[in-house]
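K.L.:
Sequence and predicted structure, then a few things I'm wondering about:
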Amino acid sequence: MGGLRYFLIHPHVPPIHPLSRYFPSPLSCLGRFLDSLRLSRVSFPPMAAFQSDVPSVSVHPHGSRRYGAVSGGSLGNWHLPLWLVPNRSSSTSFVCSVLCLLYAFSCGPAYGLSRSRFHARLFWACSWAASFPPPPQVPKSPLMLIPVGVNQFGRKEQSKGTALNHSVPPLLDALLFISSKMAALIWRCSFTRAKARWLHQRCLSLYNSSHGFDETKIKEKLAQLSGGSIDLRKGENGIAELCINNPSRMNAFTGTMMIQLEERISELESWQDGKGLIVYGAGNNFCTGSDLNAVKAISSPKEGIMMCMLMQNTLTRMQRLPLISVALIQGKAMGGGSELCTACDFRLMTPGSEIRFVHKQMGLVPGWGGAARLIHLIGSRHTLKLLSGTLRVDPDYALRIGLADDILNYGDDRSLEETQKWMQTYTKGSPLINRAVKKVILSGREKNLEDALRTEKEIFGTVWGGPDNVQALSKGTKHK
Ligand SMILES: CCCC(=O)SCCNC(=O)CCNC(=O)[C@H](O)C(C)(C)COP(=O)(O)OP(=O)(O)OC[C@H]1O[C@@H](n2cnc3c(N)ncnc32)[C@H](O)[C@@H]1OP(=O)(O)O
């Protein structure tokens with residue numbers, strides 16, 4: 001056993017990039033896995049900074065007799081300890097080299113270096129280092145990979161180093177290129193997935209553990225307050241129907257219903273064929289807010305805030321679905337129920353129905369995001385009237401102040417069918433184009449002008465030359 005064949009570049013500096021807070025596990029898992037392969041890991045103490053960007057890599061036996069080592073030089077101002085891979089079979093070594101590169105590539109961006117700068121530096125230093133020979137005890141191997149290392153001893157040890165004249169096997173370059181490409185590809189895929197998860201968590205939701213939101217704990221509590229259900233039916237026409245189903249309590253939200261609502265919204269988030277969503281209540285009432293029994297059971301302010309965070313997260317995610325959403329309001333929409341209807345894009349009211357923000361009479365203010373959303377819908381003056389006066393908002397009044405978008409003809413079971421018809425005008429065309437429309441509205445509503453314009457451009461890019469666009473052009477569509 002003797003001699004270095006591969007080693008891994010492992011940034012030693014503490015994570016500084018914000019993303020590294022959210023992705024500790026893939027990197028550390030890979031690191032731990034590499035450790036488990038019993039590679040020799042050499043960690044140099046952190047250095048202050050390298051003065052020069054010029055790499056000076058020297059090759060010399062270092063540390064142990066069993067492992068050759070290469071150290072010294074500068075990779076920007078990075079301090080990079082090494083993992084040394086002793087001689088193993090070619091296949092193990094190859095897998096190790098891919099893992100090492102994967103790790104190195106993953107660490108770069110996570111440690112705050114842009115991808116292109118990191119790659120450029122890595123390759124530059126690698127090719128520089130590769131032009132040096134392996135330590136004398138290392139047998140020549142076509143699979144021998146990148147001896148690169150940077151540490152504060154680099155310069156000191158250069159003089160001690162054994163620089164040998166040795167040309168790199170030409171195959172090395174090719175293998176280095178292929179394995180680095182493979183590693184980059186794997187890294188890019190995993191990073192994209194992780195990024196998507198991260199965006200989903202951080203952007204669609206409002207609260208996470210960094211805000212003191214303990215989702216598991218509040219869900220455990222809510223799970224004890226059972227009754228009712230939230231039912232989802234995804235139609236083949238791309239319109240989903242979400243039913244608040246607890247008619248014996250006028251569709252008031254129990255704890256389990258709050259949990260189920262979040263689960264249904266997750267389902268809708270991954271429904272790629274969806275265009276629209278109708279939210280309605282079972283048995284000719286919309287929803288009368290929190291189940292008063294649940295309100296009593298979670299009466300401590302801390303738990304109340306947690307419940308409020310959960311519901312705000314869920315309703316914000318509902319509002320941010322790429323689906324055109326409509327609240328069908330029959331009977332009563334009261335308290336949290338009135339807040340729920342403000343999280344939809346449109347509100348349709350049946351004759352005799354009412355929306356009422358009764359919170360003040362309950363010694364509360366809206367907590368599911370209803371006040372903030374209502375101000376966006378009808379302005380702060382009308383919102384103040386509705387909240388402070390706990391006014392009954394009938395369909396005419398709602399239409400007048402812009403809270404409702406239409407009054408339906410039927411107040412019974414036919415109202416759902418009528419809502420489906422009403423939706424047709426707004427959900428014509430493919431899911432792709434409908435979702436794109438909703439996305440531009442969302443970005444325009446939630447982002448500042450510059451960011452919204454950029455997002456609009458990106459969404460435009462997803463439909464320009466797309467199937468709907470091509471079809472419209474080939475039909476010679478005229479807008480008479
Ligand atoms: C941040 C969220 C804050 C909140 O949402 S706080 C909750 C706000 N909601 C309320 O306060 C509604 C209280 N309920 C009422 O005022 C009345 O029940 C309501 C809706 C005007 C209907 O009155 P009526 O037509 O006379 O019918 P009723 O009172 O006999 O009710 C029928 C059954 O439904 C029940 N119910 C209605 N709303 C409920 C609720 N939110 N929680 C728990 N149970 C509720 C009510 O208790 C009654 O059940 P039961 O027949 O007595 O077993």
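P.N.:
Yep, it's here.
K.L.:
Spit out the contact partners of I259.
P.N.:
Counting by C-beta atoms under 8 Å, 6 or more residues apart in numbering, I259 touches K219, L222, A223. C-beta coordinates here come from the backbone N, C-alpha and C atoms, glycine included.
K.L.:
so what pLDDT did the last one get?
P.N.:
The reference is to A223. We have a pLDDT of 94 for A223.
K.L.:
Surely it touches M258?
P.N.:
No. The pair A223 and M258 fails to qualify as a contact (C-beta atoms under 8 Å) at a distance of 9.7 Å.
K.L.:
and these two? which has more neighbours close in?
P.N.:
Between A223 and M258, counted using other C-beta atoms under 10 Å, the more crowded position is M258 (24 against 12).
K.L.:
Secondary structure element holding the more buried one?
P.N.:
Applying DSSP states H and E as the criterion places M258 in helix 255-269.
K.L.:
Would you mind extracting the C-alpha trace of that helix into PDB?
P.N.:
The C-alpha trace of helix 255-269 is given here as PDB (Å, rounded to 0.1, in the frame of the first residue of the first chain):
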ATOM      1  CA  GLY A 255     -57.500  21.100  13.800                       C
ATOM      2  CA  THR A 256     -57.400  18.200  11.400                       C
ATOM      3  CA  MET A 257     -59.000  20.300   8.700                       C
ATOM      4  CA  MET A 258     -56.200  22.900   9.000                       C
ATOM      5  CA  ILE A 259     -53.700  20.100   8.500                       C
ATOM      6  CA  GLN A 260     -55.600  18.600   5.600                       C
ATOM      7  CA  LEU A 261     -55.900  22.000   3.900                       C
ATOM      8  CA  GLU A 262     -52.200  22.200   3.800                       C
ATOM      9  CA  GLU A 263     -51.900  18.700   2.400                       C
ATOM     10  CA  ARG A 264     -54.400  19.500  -0.300                       C
ATOM     11  CA  ILE A 265     -52.600  22.700  -1.300                       C
ATOM     12  CA  SER A 266     -49.400  20.600  -1.600                       C
ATOM     13  CA  GLU A 267     -51.300  18.300  -3.900                       C
ATOM     14  CA  LEU A 268     -52.400  21.200  -6.000                       C
ATOM     15  CA  GLU A 269     -48.900  22.700  -6.200                       C
END
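K.L.:
Summarise which helices and strands the helix or strand following it is packed against.
P.N.:
Next along the chain after helix 255-269, taking DSSP H and E as the criterion, comes strand 276-281. Judged by 3 or more C-beta pairs under 8 Å, 6 or more residues apart in numbering; DSSP states H and E, the packing partners of strand 276-281 are strand 239-245, strand 324-329, helix 336-342, helix 414-424.
K.L.:
can you rerun that using 7 Å?
P.N.:
strand 239-245, strand 324-329, helix 414-424 (3 or more C-beta pairs under 7 Å, 6 or more residues apart in numbering; DSSP states H and E).
K.L.:
just the strands in this protein please.
P.N.:
Using DSSP state E, the strands of the chain run over residues 4-9, 40-42, 58-59, 70-71, 82-86, 229-234, 239-245, 276-281, 324-329, 332-334, 346-349, 354-356, 392-393, 406-407.
K.L.:
Report whether the longest one contacts the ligand.
P.N.:
What that stands for is strand 239-245. No. Counting by C-beta under 6 Å from any ligand atom, the ligand is not contacted by strand 239-245; separation bottoms out at 11.7 Å.
K.L.:
I'd like to know how many residues surround G476.
P.N.:
6.
K.L.:
who's in contact with it?
P.N.:
Applying C-beta atoms under 7 Å, 6 or more residues apart in numbering to G476 gives no contacts.
K.L.:
if I look at it, how far off is V470?
P.N.:
In this view, G476 and V470 are 12 Å apart by C-beta to C-beta, to the nearest Å.
K.L.:
Whichever residue of the chain sits closest to the ligand - how many residues pack around it?
P.N.:
With C-beta to the nearest ligand atom, the shortest gap between the chain and the ligand falls at G289, namely 2.2 Å. Using other C-beta under 10 Å, the number of residues around G289 comes to 29.
K.L.:
doesn't G337 make contact with it?
P.N.:
Yes. With contact defined as C-beta atoms under 7 Å, G289 reaches G337; the gap is 4.9 Å.
K.L.:
buried set for stretch 424-431?
P.N.:
Buried residues in stretch 424-431, counted by 16 or more other C-beta atoms under 10 Å: T427, S430, P431.
K.L.:
Narrow those residues to those in helices?
P.N.:
Within those, membership in helices is found for P431, as judged by DSSP state H.
K.L.:
possible to save the buried residues of stretch 424-431 as CSV with distance to the ligand and pLDDT?
P.N.:
Output for the buried residues of stretch 424-431, formatted as CSV (distance: C-beta to the nearest ligand atom, whole Å; pLDDT from 0 to 100):
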residue, distance to the ligand, pLDDT
T427, 30, 96
S430, 38, 94
P431, 33, 95
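K.L.:
Out of the buried residues of stretch 424-431, which is nearest to N313?
P.N.:
When these are ranked by distance to N313 (C-beta to C-beta), P431 comes first, at 24.9 Å.
K.L.:
for that closest one, what are its contacts?
P.N.:
The contact partners of P431, by C-beta under 7 Å, 6+ apart, come to G238, Q272, D273, G274, K275.
K.L.:
Not counting sequence-adjacent ones, nearest residue to the fourth one?
P.N.:
Spelled out, that is G274. Leaving aside its sequence neighbours, G274 sits nearest to L323 (C-beta to C-beta, 6 or more residues apart in numbering; 5.0 Å).
K.L.:
Buried ones in the helix holding M258, by neighbour count?
P.N.:
G255, T256, M257, M258, I259, Q260, L261, E262, R264, I265, L268, E269.
K.L.:
report the angle between the axes of it and strand 276-281?
P.N.:
Here the directions of helix 255-269 and strand 276-281 differ by 170 degrees (axes from the mean of the first three to the mean of the last three C-alpha atoms, to 10 degrees).
K.L.:
Do any residues in helix 255-269 lie close to the ligand?
P.N.:
No. Residues of helix 255-269 contacting the ligand under C-beta under 6 Å from any ligand atom: none, with a closest distance of 10.5 Å.
K.L.:
Read off the pLDDT value for G465.
P.N.:
For G465, the predicted pLDDT is 88.
K.L.:
ok, R233 touching E241?
P.N.:
Yes. Using C-beta under 7 Å, R233 is in contact with E241, at 4.7 Å.
K.L.:
Who has more neighbours out of these two?
P.N.:
More crowded of R233 and E241, by other C-beta under 10 Å: E241, with 18 against 10.
K.L.:
isn't that one right up against K234?
P.N.:
No. E241 is not in contact with K234 according to C-beta under 7 Å; the separation is 8.3 Å.
K.L.:
picking that back up, turn the buried residues of helix 255-269 into JSON lines, columns for pLDDT.
P.N.:
Formatted as JSON lines, these follow (pLDDT from 0 to 100):
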{"residue": "G255", "pLDDT": "96"}
{"residue": "T256", "pLDDT": "97"}
{"residue": "M257", "pLDDT": "97"}
{"residue": "M258", "pLDDT": "97"}
{"residue": "I259", "pLDDT": "96"}
{"residue": "Q260", "pLDDT": "97"}
{"residue": "L261", "pLDDT": "98"}
{"residue": "E262", "pLDDT": "96"}
{"residue": "R264", "pLDDT": "97"}
{"residue": "I265", "pLDDT": "96"}
{"residue": "L268", "pLDDT": "96"}
{"residue": "E269", "pLDDT": "94"}
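K.L.:
No further queries at this time; thank you.
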